[in-house]
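**Q** show me the folded form of this:
(one chain, ligands or ions: 2)
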Amino acid sequence: MSTSPINEVKPDKSELIEVVDLYQKREKVYTRAFKGVYRNLRIIGGAFLFILYFGTVWIPWGDRQAILFDLPARQFHIFSVTFWPQDMILLSSLLIICAFGLFFITVLAGRIWCGYTCPQSVFTWVFMWAEKITEGDRNKRMKLDKAEMGISKFRRKFLKHTLWLMISLATGITFVGYFTPINTLVIDLVSGAANSWAYFWVGFFTLATYGNAGWLREQVCIYMCPYARFQSVMFDENTLIVSYDPNRGETRGPRKRDSDYKTKGLGDCIDCQMCVQVCPTGIDIRDGLQYECIGCAACIDACDNIMEKMNYPKGLIRYTTENSLAGKATKILRPSLLGYLSALLIISGFFSYTLLTRVPVTLEISRDRNTLYNETSRGTIENVYMLKIGNMDQHDHPFKVTVSGIPGIKLSEETKVIVPTGEVKMVPVRLELSPDKITSRNMTFSFKIVSQDSEHLAATQESRFIAPTDPVRLK
Ligand code: SF4
Ligand code: SF4
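**A** Residues are numbered from 1 along each chain as shown. Ligands and ions are numbered 1, 2, ... in the order given. Next up is the predicted model:
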C-alpha cells in the first residue's frame, strides 16, 4: 500500500477565479429585414441626409459649388456665406452648438442620434440594403456563408462587394469634393490628371467607408465610437430609451395564437426572437438596457409586427423611461436638460446675432514707421498710413476712404479702391492737418471705408495723428 505524503488540496469554491478571455471573436450579425413606423422614419431621415451629403457639393452657387472648404485660400464657403480665419469664433460656436445639441438630445431621448442620423448608422443601413438585394434576407445569407464557394455564391458575393465599393467610391469622391471643386476633381480623376493626393484621399475615404459600413459595422459603435463611451453618463431614469417591458412580457414562451396564455402563467412575449434577429448590434433587448443598443427602434418595429399578428396591444418593446417602467412618473424638465437647453439657446443666440450683424469687410491700419510726420510745402502737417482692406463678400466692391474725428483733417487726395472678392488690398494714404487745428501731439481720429455699391459694407478703425511738439512755431 503506498501512502503518498502529498494530499490533494481542493480550493474553496469562493476562492475560484473566473478566467475571462478579453478577446472575443466577432460573431457575424445577420440582420433580418423588417417593416414599421420607425424604419420609415429612418428611411426618410437617411434619404434627407444622403441628399444633403451628395447634393450640396454638386449644387452650383454663383460661380462655385454650394459648399466648399477651400483650405489653401483659408475660406469656407457655405451657400452665400464665406467664413474666413477671422470668423473662427463663428465656426467654433457652430461646433459648440452641435455638441450641446447632442448632449441635450441624449439627456432627452438617449442614443436617438446614433440610430437615426449618425453617418455610420445611415451608411450601415444602406450597405445592409445592398447586402439584402444581392444575397437575400437573413436565412439565405446564413446559408450562403455556410455553402461551399461555387458560381452562384461567387456571383452574389461579387455583386455585393461591387455595389459596396461603388457606394464607397461615390462617398469618397464626394467627401474630397467638399475640399476641392468637384467638377474639375471628377474630370481630373477620370482623365488621370488629378494629383497623387487626390487619388490618395479618394482611395482612403472609399476604403474607410467600405471597411466601416461593410465589415466593421456594429464594432465601430461598440468599440470605437467615442460618443458611445461617454453618452451613458448623461442617461438618467427619465431619459427616453428603447426598452422591453418585463412586467408585460414575462414569462416568455411559445403558444398558439388564440390560446388563453395568461392561465398558463405566460406574458405577452412569445419568444420568437424577432427583436434579436433585426438588431444591428446583435443584442437581446430583453436582457435590459445595454451600452451596445444604439436606440434604432428596429426591435420595436419587429415586436409590434408580432404583437399585431398575435392580436396583442403593441408596445411590448417601446420608447419609454426607467421611471415609467417602474410605474413612477417621468419628469421631463430636469436640471441637466434645462442646463443643456440654456447653454444651447445662449450659444445659438450669440451665433445668430454675430452672423446676422457680421460685415464681410475688414480694415486694418498701420502707420508709416519711418517718419512720424512731414511738413508739406503748403505748410500743413502730413501723416502717412497703410490701409489693409479685405473684401470677404461674394462680389467685388469699390470702396471709398474717408476720415473723421479731428476738425479740418483731410485726405491729401480722394481715395477709391476696387477690392475683388476674397482679396485683401494694401492702400497707402496721406492725411493733412493745418497747424492751427493741432491741439495736441497725439490726436485720435477714425478711418472709414464704405462700399460705393452697397452702403452696409463699411468698416471703421481708429488711428492716431502725430504732430510736432510745438505746432505754434509752424504758424
Ligand atoms: S419580438 Fe417581441 S415577442 Fe418576439 S421575442 Fe422579441 S419581445 Fe418577445
Ligand atoms: S436593441 Fe433595439 S434599439 Fe437597440 S440597437 Fe438593437 S434593434 Fe436597435
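**Q** starting at the chain centroid, how far to the longest helix seen in the chain?
**A** Secondary structure of the chain read by DSSP state H shows that its longest helix is helix 151-177. In terms of CA atoms, centre = their mean, to the nearest Å, the centre of helix 151-177 is set 25 Å apart from its chain centre.
**Q** let's number from 59 now, not from 1
**A** Okay, using 59 as the starting number, the last item reads as helix 209-235.
**Q** for that helix, name the packing helices and strands.
**A** helix 95-113, helix 177-193, helix 240-249, helix 254-267 (3 or more CB pairs under 8 Å, 6 or more residues apart in numbering; DSSP states H and E). All C-beta spots, glycine's among them, are computed from the backbone N, C-alpha and C.
**Q** buried stuff in that helix?
**A** 214, 218, 221-223, 225-227, 229-235 (16 or more other CB atoms under 10 Å).
**Q** out of these, who's nearest ligand 1?
**A** Distance to ligand 1 across these (CB to the nearest ligand atom) is lowest for Lys218, with 27.5 Å.
**Q** the closest one and Arg199 touch, don't they?
**A** No: counting by CB atoms under 8 Å, Lys218 sits too far from Arg199 to count as a contact (9.6 Å).
**Q** shared neighbours of these two, anything?
**A** The contact sets of Lys218 and Arg199 overlap at 189, 193 (CB atoms under 8 Å, 6 or more residues apart in numbering).
**Q** how about the residue nearest to Phe141 when sequence neighbours are not counted, phi and psi?
**A** Sequence neighbours aside, Phe134 is the residue nearest to Phe141 in space, at 4.1 Å (criterion: CB to CB, 6 or more residues apart in numbering). For Phe134, the backbone dihedrals (degrees, to the nearest 10) come out as phi -110, psi 110.
**Q** for beta bridges, what are the partners of Phe134?
**A** Using DSSP bridges, the beta-bridge partners of Phe134 come out as Phe127, Phe141.
**Q** what residues does it make contact with?
**A** Residues in contact with Phe134, defined by CB under 8 Å, 6+ apart, are 126-128, 140-141, 149.
**Q** can you pull the contacts of the closest residue to Trp119 other than its chain neighbours?
**A** Leaving aside its chain neighbours, Trp119 sits nearest to Phe137 (5.9 Å; criterion: CB to CB, 6+ apart). For Phe137, the contacting residues are 119, 124-125, by CB under 8 Å, 6+ apart.
**Q** tell me which other helices or strands the helix or strand in which Val459 is found touches.
**A** Assigned by DSSP states H and E, Val459 belongs to strand 455-462. Packed against strand 455-462 by the contact rule (3+ CB pairs under 8 Å, 6+ apart) you find strand 439-449, strand 468-469, strand 473-477, strand 482-491, strand 500-509.
**Q** what are the phi and psi angles of the residue nearest to Gly311 when sequence neighbours are not counted?
**A** Leaving aside its sequence neighbours, Gly311 sits nearest to Leu324 (CB to CB, 6+ apart; 4.9 Å). When read as degrees, to the nearest 10, the backbone of Leu324 gives phi -90, psi 150.
**Q** hang on, Leu324 packs against Gly307?
**A** No: contact criterion CB under 8 Å: Leu324 and Gly307 do not qualify, at 9.5 Å.
**Q** what do the two both touch?
**A** Common neighbours of Leu324 and Gly307 (CB under 8 Å, 6+ apart) do not exist.
**Q** which parts of stretch 368-385 are buried?
**A** For stretch 368-385, the neighbour count (16+ other CB under 10 Å) marks 368, 370, 372, 374-380, 382-383 as buried.
**Q** that one: end-to-end distance?
**A** Start to finish, the residues bounding stretch 368-385 are 25 Å apart (CA to CA, to the nearest Å).
**Q** now stretch 286-297
**A** So stretch 286-297: terminal residues 16 Å apart, CA to CA.
**Q** stretch 291-311 too?
**A** Start-to-end, stretch 291-311 (CA to CA) is 35 Å.
**Q** and that stretch, does that touch ligand 2?
**A** Yes: residues of stretch 291-311 are located near ligand 2 by CB under 6 Å from any ligand atom, namely Val300.
**Q** which residues touch the residue lying closest to Gly463 once chain neighbours are set aside?
**A** The shortest distance from Gly463 to any non-neighbouring residue, by CB to CB, 6+ apart, is to Phe503 (3.3 Å). The contact partners of Phe503, by CB under 8 Å, 6+ apart, come to 461-464, 467, 489, 520-523.
**Q** what about 10 Å?
**A** 441, 461-465, 467, 489, 491, 520-523 (CB atoms under 10 Å, 6 or more residues apart in numbering).
**Q** could you measure from it over to ligand 1?
**A** 77 Å (CB to the nearest ligand atom, to the nearest Å).
**Q** please report the distance of that residue from ligand 2.
**A** As for Phe503, its distance to ligand 2 is 66 Å (criterion: CB to the nearest ligand atom).
**Q** next one: Ile240
**A** For Ile240, the distance to ligand 2 - CB to the nearest ligand atom - is 35 Å.
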